[in-house]
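Participant: Have a look at this prediction, sequence included:
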Amino acid sequence: MDCVFCKIVKREIPKEFRYEDDLIVAFDDIRPQADIHVLFATRKHIDAFESLKDDRILSSVRIGIQKIASENKLVGRGYKIFVFGGGAQTIEHLHFHLIGPVGLQV
């Protein structure tokens, strides 16, 4: 498999993780759209949101986003969370974006 996110998860591509647990890893986007732009990718290759079967992953994403948003003082300043699905994603590996603060163009 030639998935860039799988390579990051396996540490074949060096990337500093801002958050990680047994199900997900979080790291800065290579082309940030704002001061804070963190991606939360599944450790297991899941091609899209509609393929997600394990509800524990959503819980991990929630915990990770809350932690990063709090650490970066985005609470009260605003942030966006989004995920592409249905073939709209650039990289076909399930991942969520945390972008903030919302006052910046995204």
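Facilitator: Thanks, I have it.

Participant: now the farthest one out in the protein, which residue is it?
Facilitator: For the chain, the largest distance from the centre (Cα atoms, centre = their mean) belongs to residue 76, which lies 20.7 Å off.

Participant: Which element, helix or strand, includes that one?
Facilitator: For residue 76, there is no enclosing helix or strand under DSSP states H and E.

Participant: Residue 98 versus that one, what's the distance?
Facilitator: Distance from residue 76 to residue 98, counting by Cβ to Cβ, to the nearest Å: 15 Å. No exception for glycine: its C-beta is placed from N, CA and C like everyone else's.

Participant: With residue 13 instead?
Facilitator: For residue 13, the distance to residue 98 - Cβ to Cβ - is 20 Å.

Participant: Could you do residue 42 as well?
Facilitator: Distance from residue 42 to residue 98, counting by Cβ to Cβ: 15 Å.

Participant: More neighbours: those two, which one.
Facilitator: residue 98 (26 against 21; other Cβ atoms under 10 Å).

Participant: now that one, what's its secondary structure?
Facilitator: strand (DSSP: H, G, I helix; E, B strand; the rest coil).

Participant: ok, it touching residue 75?
Facilitator: No. Look at residue 98 against residue 75 with Cβ atoms under 8 Å: they stay out of range, at 11.8 Å.

Participant: list the residues that contact both of the two?
Facilitator: Residues touching both residue 98 and residue 75 (Cβ atoms under 8 Å, 6 or more residues apart in numbering): residue 69.

Participant: before we move on, back to that, which pLDDT value goes with the residue farthest from the centre of the chain?
Facilitator: Looking at residue 76, its pLDDT is 90.

Participant: need the longest helix for the protein.
Facilitator: For the chain, the helix with the greatest residue count under DSSP state H is helix 55-71.

Participant: Now do the contacts for residue 51.
Facilitator: By Cβ under 8 Å, 6+ apart, the residues touching residue 51 are residue 94.

Participant: cool, residue 41 as well?
Facilitator: So residue 41 contacts 5, 8-9, 24-27, 93-95 (Cβ under 8 Å, 6+ apart).

Participant: Give me the subset of those lying in strands.
Facilitator: Among these, DSSP state E puts 24-27, 95 in strands.
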